[in-house]
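*Asks:* sequence-free structure coming up:
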């Protein structure tokens, strides 16, 4: 069997990319060896998650801290061959100064990271294999492209997933996504995790539409029967703590209901940067004492066990941007109703959920509070019907044992397509 090079942002370091955990065993089964390179790992960081046998982690040990990021970017500028006018782009560069500067930064960082990754692979005695799998249509994809271009015996096949922030320009803090045309041109295949993202990419770059097709994520672990309990109302959120997840909105909605005397609890599973966590704790400090639990990040198997032991009433996801949220899949697998914003591929998950509509992307705490009242107001039979529907939908279309195994073997079949 061939080897696979998988480029991640941080996994298995730090937090995030938890949805790789159910995918890795299928990749290991389809490939002789899976080489994982976390392209944002910095010197001194230690892994935070174990990887299965058959996975080799190669750390690039990038310079740490803000000064380290500056040094890395300068290294890319000096040694990356960037020239005025950005001739590496297939089309004219952006005219506005902020997008232009973003293009320069993006390419400089990608060049510098690719150089570090190549050196780390060589230091580990590893060659770039015949298939490179970028987990994001962003820096990891450009690094994959640059590594592929350095292979003297032929260019490997380069495949990229695409999720949310790497597709939706609305999620960009500067309102711009760099290297869209270049990345689509250089990738052999691009597999967004939702049909909505695939449609968007094909519409934006129709000349590369033939390369773009959706490949679903999936989740593992389900309960034999739905575990949700309608009363007392127990609200669950599962995500990293950052602005686009809008956990402040959830806190304010919970506060509104508590002021009305509605008995409810809220549990949030997930970590984040210290500043974001401090802000969330401050926001929840005014809620009823003992009604909020912030568990921090939990390993995947503990999240699944939490569902069975705590019986949440509803999962809430009010993110402003998504690919296909795995947290929603996991809730469905356990027969839990979901209130979620209609962004990214969320609608593809919640097709036909009875009695609970998707939330509008723009909503306020009062709207969310009213939606939670709607969950509490369902008749017991109607609530049970939602639970059964969600679990059946997950089994039919989002079980990782099916969709991720199929994708892993599809990747392995590409190994013979090296371009000489």
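*Replies:* Arrived safely. Since the model is a prediction, treat every value here as computed from it, not as a measurement.
*Asks:* Can you name every helix or strand that the lowest-mean-pLDDT helix or strand in the chain contacts?
*Replies:* The weakest-scoring helix or strand in the chain, judged by mean pLDDT, DSSP states H and E, is helix 65-79 (a mean of 84). Secondary-structure packing of helix 65-79 (3 or more Cβ pairs under 8 Å, 6 or more residues apart in numbering; DSSP states H and E): helix 97-123. (Glycine included, C-beta is placed from N, CA and C.)
*Asks:* List the buried residues for the helix it packs on?
*Replies:* 99-100, 102-104, 106-118, 120-121 (16 or more other Cβ atoms under 10 Å).
*Asks:* which other residues reach whatever helix or strand comes next after that helix?
*Replies:* Going down the chain from helix 97-123, the next helix or strand is strand 131-134, by DSSP states H and E. The contact list for strand 131-134 (Cβ atoms under 8 Å, 6 or more residues apart in numbering) reads 2-7, 27, 31, 140-141, 143-144, 147-148, 156-161, 187, 411-412, 414-415.
*Asks:* could you list every residue that touches residue 382?
*Replies:* 354, 355.
*Asks:* Point me to the helix or strand that includes residue 363.
*Replies:* Following DSSP H and E, there is no helix or strand that holds residue 363.
*Asks:* Just give the number of residues close to it.
*Replies:* 16 (other Cβ atoms under 10 Å).
*Asks:* sorry, back to before: now do the least confident helix or strand of the chain against helix 97-123, angle only.
*Replies:* Going by axes from the mean of the first three to the mean of the last three Cα atoms, to 10 degrees, helix 65-79 is angled at 90 degrees with respect to helix 97-123.
*Asks:* what does helix 65-79 rub up against?
*Replies:* Identification of contacts with helix 65-79 by Cβ under 8 Å, 6+ apart yields 42-43, 62-63, 82, 104-105, 107-113, 115.
*Asks:* quick one: low-confidence ranges for the stretch 301-420 of the chain?
*Replies:* Along the stretch 301-420 of the chain, segments meeting pLDDT under 70 span 418-420.
*Asks:* now the strands for it?
*Replies:* In the stretch 301-420 of the chain, strands defined by DSSP state E, counting those that start in this stretch lie at 314-317, 338-340, listed in chain order.
*Asks:* Go through the last one and flag the buried ones.
*Replies:* Of the residues in strand 338-340, 338, 339, 340 count as buried by neighbour count, 16+ other Cβ under 10 Å.
*Asks:* Now do the contacts for the last one.
*Replies:* Neighbour list for residue 340: 315, 316, 317, 318, 319, 325, 328, 346, 349, 350, 358, 359 [criterion: Cβ under 8 Å, 6+ apart].
*Asks:* out of those, which is most surrounded?
*Replies:* Among the contacts of residue 340, the one with the most neighbours (other Cβ under 10 Å) is residue 316, at 30 neighbours.
*Asks:* and that one, what are its bridge partners?
*Replies:* With DSSP bridges as the criterion, residue 316 is bridged to residue 339.
*Asks:* Find the helix or strand that the residue lying closest to residue 110 once chain neighbours are set aside is a member of.
*Replies:* Among residues not flanking residue 110 along the chain, residue 142 sits closest, at 3.9 Å (Cβ to Cβ, 6 or more residues apart in numbering). Here residue 142, judged by DSSP H and E, is contained in helix 139-148.
*Asks:* quick one, domains of this protein?
*Replies:* Listed domain ranges for the chain are 3-218+401-417, 233-398 (source: automatic domain parsing).
*Asks:* Quick one: closest of those to residue 224.
*Replies:* domain 233-398 (9.5 Å; Cβ to Cβ).
*Asks:* what's the spacing between the closest one and its chain's center?
*Replies:* From the chain centre to the centre of domain 233-398 is a distance of 17 Å (Cα atoms, centre = their mean, to the nearest Å).
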